[in-house]
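Peer 1: starting from these lines, generate the structure:
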Amino acid sequence: MKTFFYWMLVFPLRVLLKAWLITWKLVLQLTILLR
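Peer 2: Numbers count the residues shown, from 1 in each chain. The predicted model follows:
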């Protein structure tokens, strides 16, 4: 049952965190380029 909660809660949070980090890196690169 613990694994079920892990895949329902922790995995989506990790995916969101990775996507947020990727978008943050892209924004930083854009700001550096536009400067």
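
Peer 1: what comes up buried for the helix or strand harbouring W24?
Peer 2: Taking DSSP states H and E as the definition, one finds W24 inside helix 11-34. Along helix 11-34, not one residue counts as buried under the neighbour rule (16 or more other Cβ atoms under 10 Å). C-beta coordinates here come from the backbone N, C-alpha and C atoms, glycine included.

Peer 1: then it to CSV, C-alphas only?
Peer 2: Below are the C-alpha coordinates for helix 11-34, written out as CSV (Å, rounded to 0.1, in the frame of the first residue of the first chain):
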residue,chain,number,x,y,z
PHE,A,11,6.1,10.6,-8.2
PRO,A,12,3.8,13.4,-9.6
LEU,A,13,5.5,15.9,-7.3
ARG,A,14,8.9,14.9,-8.5
VAL,A,15,7.8,15.2,-12.1
LEU,A,16,6.4,18.7,-11.5
LEU,A,17,9.6,19.7,-9.7
LYS,A,18,11.7,18.5,-12.7
ALA,A,19,9.4,20.4,-15.2
TRP,A,20,9.6,23.5,-13.0
LEU,A,21,13.4,23.3,-12.9
ILE,A,22,13.6,22.9,-16.7
THR,A,23,11.3,25.9,-17.3
TRP,A,24,13.3,28.0,-14.7
LYS,A,25,16.5,27.2,-16.6
LEU,A,26,14.9,28.2,-19.9
VAL,A,27,13.7,31.5,-18.4
LEU,A,28,17.2,32.2,-17.0
GLN,A,29,18.8,31.5,-20.4
LEU,A,30,16.2,33.8,-22.1
THR,A,31,16.9,36.7,-19.7
ILE,A,32,20.6,36.3,-20.2
LEU,A,33,20.2,36.3,-24.0
LEU,A,34,17.8,39.3,-24.0
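
Peer 1: distance from the chain centre to it, please.
Peer 2: A distance of 7 Å separates the C-alpha centroid of helix 11-34 from that of its chain, computed with Cα atoms, centre = their mean, to the nearest Å.

Peer 1: same check on stretch 6-18?
Peer 2: Taking the mean C-alpha point of stretch 6-18 and that of its whole chain, the gap between them comes to 9 Å (Cα atoms, centre = their mean).

Peer 1: perfect, that will be all.
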